[in-house]
Every structure is written in structure tokens, then in C-alpha cells.
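In: Okay, predicted coordinates and the sequence, questions at the end:
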Amino acid sequence: MRIVIAGGHGRVALILERILAGRGDAVAGIIRNPAQAGALEAVGAQPLVADLETASVAQIAELVQGADAVVMAAAAGAGTQADRKELVDRDAAVLLADAAETAGVRRYLIVSSMGADTQAVDGAVSPEFRTYLREHDPHNGQDENGSSPLFGAYLRAKGAADEALRARTTLDLTILRPGLLNNDNGTGRIRMAPSAGAGSIPREDVASVLAALLDAPATAGKTAEIISGGTPIPRAVAALAQETAP
């Protein structure tokens, strides 16, 4: 397969690129900064330089031409303001969808977020997950009551992207919504469910799930949350593929 990953220098993306290249896939990553090219080449990926905030549909379509799948792994990142979250987490996802449609690429995976919702309010997650975030992610801008305008903006942008992509009949879309990401070593075991509950997950496991989803076309049309758990990733993805729509 040939896979093109938007946000190719992100931490999940670099791991995914290593996994895909290691199993013999042709993988490319879209990066904004040419100085990042060496990091992609080191894991076996082809760097493609383009700024998703300013590029045209035609420019991105040229980069994804001939791909079997695209993966939207770009994110504005912690500490960025709400307007940039909309540009990257929402608008860039739509741009990649437009480009995929133009290039005739149907398979589209997006790394969304647990709690993604266009109506998310500040502090915008369930009380359980809000408590978890306060305890485990003290840098996300929440106050003692769990209010976080920037985190709310992030969830609204992610939710808007998910809704916009679901409306596309020309995409075979899978939406993956991880819990809080960490840099622990992957365990290869997860909990995957429509609502997985509060929790965290290593980036390495998220990347492994994405790689498995690329091999599971029957997961198109599905949305799943993931956190660390006890189910081996291949079994969890196979179960998702077998689920029928409600």
C-alpha cells in the first residue's frame, strides 16, 4: 500500500511511518518545515513539504495522487490558540478530504479525540474525564473547576472535522478517538468501544491501531474511542470491523 500521512512529523505519525515502512508499505508524510525531512527519512518515510494551513486542494491532491489511503494525524498542539486549532484540527482535515476526493483516494483515517463535539463547552468533557485530565495532564490549561477554553476549542474543532468528514459519501472513513496520549511504551493491548471511558494510551499503541485499521477496510464508517486495556489490538480491530451500525 501507499499511505500519505498529514502531520507527518507528529509523534504518532513518526511511529506509524516506522511501522508501515517496516512492513513494506510505501509511506509519505506531509510536513510544513523542510528541516523535518530527515526525521521522516530516518523512519523510512518520504517527506512531502506543504503547509496545510495555506495549501490549495490541488496542491495536496497532487501529493496524495495514487495513494491507497490517507491519514489525518496533524494537530495544532498544546498551547496554541483557538483560531489555529480551527485552521489545523478542522480546516486541514477538510482540506485533506477535498484533496483525497480530487485524487480519487477513498480510504481516510483521522486521529480525532475522546470528547470531540461541535457543541463542546469549555471544560468540555464528562466529569469523569475532566477529573482524569486535571490529575494526569496539568498543562492543558484547566482551572480548579475543570474549565479550559483552549481544550474546549480543540474538542469543537475536532468535532467539526468529524462531522464534515462523515458527510462525505466518497470517503471510506474511520474516526479514531484516543484518550489522553502519553509516551509510555506500547503494550499492544487496548480498550476500544464507542465510549471507552476515561483513560490514557501510549502513542505507540495509537499508531499500531492505525496500522491495523489500514488493513481492515470493513472498519469504514465506524467511530471508536481507545484507551489502554486488555484486548490485543488485532482482536479489537477485528471486532470493530464486525460491528453493525445501530
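Out: Good, I have the coordinates.
In: what residue is smack in the middle of the protein?
Out: Compute the mean C-alpha point of the chain, and by C-alpha atoms, centre = their mean the closest residue is V111, 1.3 Å away.
In: tell me the contacts of that residue?
Out: Contact analysis of V111 by C-beta atoms under 8 Å, 6 or more residues apart in numbering lists V12, V71, M72, A73, A75, L176, P178, V206, L210. Where C-beta positions appear, they are placed from N, C-alpha and C, glycine not excepted.
In: and the third one, how far is that from L171?
Out: Counting by C-beta to C-beta, to the nearest Å, the gap from M72 to L171 is 11 Å.
In: anything in contact with each of those two?
Out: Y108.
In: Would you mind telling me which of those two has more residues around it?
Out: With neighbours defined as other C-beta atoms under 10 Å, M72 and L171 compare such that M72 has more, 29 against 20.
In: and the longest helix for the protein?
Out: helix 149-166 (DSSP state H).
In: Sketch out the low-pLDDT regions of the chain for me.
Out: By pLDDT under 70, the weakly predicted segments of the chain are 76-85, 121-149, 244-246.
In: would you list every one of the helices in it?
Out: 11-22, 37-42, 57-64, 82-85, 93-103, 127-136, 149-166, 203-214, 233-242.
In: out of these, which comes closest to G29?
Out: Comparison of these against G29 by C-beta to C-beta identifies helix 37-42 as nearest, at 4.9 Å.
In: quick one on the thing from earlier: I'd like the helices of the chain as a markdown table, with distance to I3 and mean neighbour count appended.
Out: Formatted as a markdown table, the helices of the chain follow (distance: least, C-beta to C-beta, whole Å; neighbours: other C-beta atoms under 10 Å):
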| stretch | distance to I3 | mean neighbour count |
| --- | --- | --- |
| helix 11-22 | 6 | 22 |
| helix 37-42 | 13 | 15 |
| helix 57-64 | 10 | 18 |
| helix 82-85 | 25 | 16 |
| helix 93-103 | 12 | 22 |
| helix 127-136 | 30 | 15 |
| helix 149-166 | 17 | 22 |
| helix 203-214 | 6 | 23 |
| helix 233-242 | 16 | 18 |
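In: what would those helices look like in a markdown table with distance to A196?
Out: A markdown table is the format used below for these (distance: least, C-beta to C-beta, whole Å):
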| stretch | distance to A196 |
| --- | --- |
| helix 11-22 | 17 |
| helix 37-42 | 30 |
| helix 57-64 | 30 |
| helix 82-85 | 23 |
| helix 93-103 | 22 |
| helix 127-136 | 10 |
| helix 149-166 | 16 |
| helix 203-214 | 12 |
| helix 233-242 | 10 |
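In: returning to that earlier point: and the residue nearest to the centre of the chain, how far from A13?
Out: Counting by C-beta to C-beta, the gap from V111 to A13 is 9 Å.
In: swap in N33?
Out: On the measure of C-beta to C-beta, N33 and A13 end up 14 Å apart.
In: got any residues that touch both of these two?
Out: By C-beta under 8 Å, 6+ apart, no residue touches both N33 and A13.
In: how near is A93 to A236?
Out: Counting by C-beta to C-beta - A93 and A236 are separated by 24 Å.
In: from what I can see E163 touches T118, true?
Out: Yes - using C-beta atoms under 8 Å, E163 is in contact with T118, at 6.0 Å.
In: okay, and the common contacts of V111 and A13?
Out: V71, A73.
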